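**Q** quick one, what's the 3D model for this:
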Amino acid sequence: MTWRAVPGPAGTPADRLAARHHRALLRRELPRVRESALAWRNGLAALLAGLVGFGLLRGRSDIGSLAAPYAATVGAVLLLALLCGAAGGLSLLRAAHGRPATAGDTDALRLDNVAADHTEALRAARSLARGVPLTLCCAALLIAAVGITWYGPSKEGPRVSVTTPDGTVCGEPLRTAGGRMTLRTDAGRVTADLGRATAVRAVTSCAPLPAGG
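**A** Residues are numbered from 1 along each chain as shown. Here you go, the predicted structure:
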């Protein structure tokens with residue numbers, strides 16, 4: 001049996017109008033995706049810049065002052081934030097500007113290939129859908145890192161216990177001058193007179209002060 005293709009019915013004005021409308025939608029598809037990607041890129045970049053600036057102004061300047069394992073946790077969170085931010089930024093750039101053009105791409109643009117534009121629009125939409133969550137994940141990780149630097153316990157430095165006839169003072173030594181030592185204690189800064197001290201010793205931690213002071 002031999003099959004032979006025959007012309008179909010002639011297109012109506014409504015068919016031609018629908019075809020022109022569909023072709024116009026395809027032509028506008030890629031620019032619309034690119035505009036959306038640019039808007040997301042600019043907005044998320046401003047969000048990340050604000051978070052980084054806020055963290056630098058308000059957070060600790062040195063995560064090494066955090067107690068273990070909080071310092072290592074902040075480092076790991078910042079590394080994950082960097083990876084997510086880099087991946088998200090590259091995806092948004094891919095969605096907004098496309099991949100680097102080649103000679104073949106230039107020829108396709110000259111031919112005004114609607115099918116190629118549609119394929120590129122789909123790729124840009126996928127890149128946009130991938131870049132937005134990654135960038136938001138980066139922002140969330142930055143917030144977590146700043147929160148840990150705010151509320152994480154500080155690394156304990158050396159402690160000194162000074163016993164005088166007035167009682168025992170224990171805390172972190174700040175400075176010594178004129179025979180007096182200033183200590184940072186839980187109750188604030190206290191100055192002990194070393195000339196009246198009966199015992200001065202280094203301790204690993206400070207026990208609670210006796211009730212009688």
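**Q** switch to C-alpha atoms for all contacts and neighbour counts from now on
**A** Noted.
**Q** worst-scoring helix or strand of the chain, pLDDT-wise?
**A** Lowest by mean pLDDT, DSSP states H and E among the helices and strands of the chain is helix 103-110, with a mean of 50.
**Q** number of residues surrounding Val160?
**A** By the measure other C-alpha atoms under 10 Å, the count of residues near Val160 is 21.
**Q** is it true that it lies in a strand?
**A** Yes: counting by DSSP: H, G, I helix; E, B strand; the rest coil, Val160 is part of a strand.
**Q** pLDDT score for it?
**A** At Val160, the model reports a pLDDT of 83.
**Q** beta partners of it?
**A** Beta-bridge pairing for Val160 (DSSP bridges): Gly171, Ala202.
**Q** state the distance from it to Ala197.
**A** Distance, Val160 to Ala197, by C-alpha to C-alpha, to the nearest Å: 12 Å.
**Q** for this protein, which segments count as strands?
**A** Along the chain, counting by DSSP state E, strands occupy 159-164, 167-177, 180-185, 188-193, 199-203.
**Q** which of those is buried the deepest?
**A** Mean neighbours per residue, mean count of other C-alpha atoms under 10 Å, is largest over the strands of the chain for strand 159-164, with a mean of 20.
**Q** other SSEs contacting it?
**A** strand 167-177, strand 188-193, strand 199-203 (3 or more C-alpha pairs under 8 Å, 6 or more residues apart in numbering; DSSP states H and E).
**Q** TSV for those, including mean pLDDT and distance to Ala139?
**A** Putting the helices and strands packed on strand 159-164 into TSV (pLDDT from 0 to 100; distance: least, C-alpha to C-alpha, whole Å) gives the following:
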stretch	mean pLDDT	distance to Ala139
strand 167-177	83	36
strand 188-193	85	36
strand 199-203	83	42
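**Q** dump the ones you listed to a markdown table, plus distance to Arg28.
**A** Shown next, in a markdown table, are the helices and strands packed on strand 159-164 (distance: least, C-alpha to C-alpha, whole Å):
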| stretch | distance to Arg28 |
| --- | --- |
| strand 167-177 | 68 |
| strand 188-193 | 67 |
| strand 199-203 | 73 |
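**Q** what does stretch 38-46 contact?
**A** The contact list for stretch 38-46 (C-alpha atoms under 8 Å, 6 or more residues apart in numbering) reads 89, 92-93, 96, 132, 135-136.
**Q** of all these, which two lie farthest apart?
**A** Ala96 and Leu136 (17.3 Å; C-alpha to C-alpha).
**Q** pick out whichever of the two has more residues nearby.
**A** Remark: of Ala96 and Leu136, Ala96 carries more neighbours, 25 against 18, as counted by other C-alpha under 10 Å.
**Q** quick check, pLDDT for the more buried one.
**A** 86.
**Q** pull the contacting residues for it.
**A** Ala96 touches 33-38, 41, 124, counting by C-alpha under 8 Å, 6+ apart.
**Q** verify the contact between Leu134 and Ala87 for me.
**A** Yes: the criterion here is C-alpha atoms under 8 Å, and Leu134 meets it with Ala87 at 6.9 Å.
**Q** the two: which has the busier surroundings?
**A** Higher neighbour count among Leu134 and Ala87: Leu134, with 22 against 17, using other C-alpha under 10 Å.
**Q** not counting sequence-adjacent ones, nearest residue to that one?
**A** Distances taken as C-alpha to C-alpha, 6 or more residues apart in numbering put Gly88 closest to Leu134, at 4.8 Å, once the chain neighbours are dropped.
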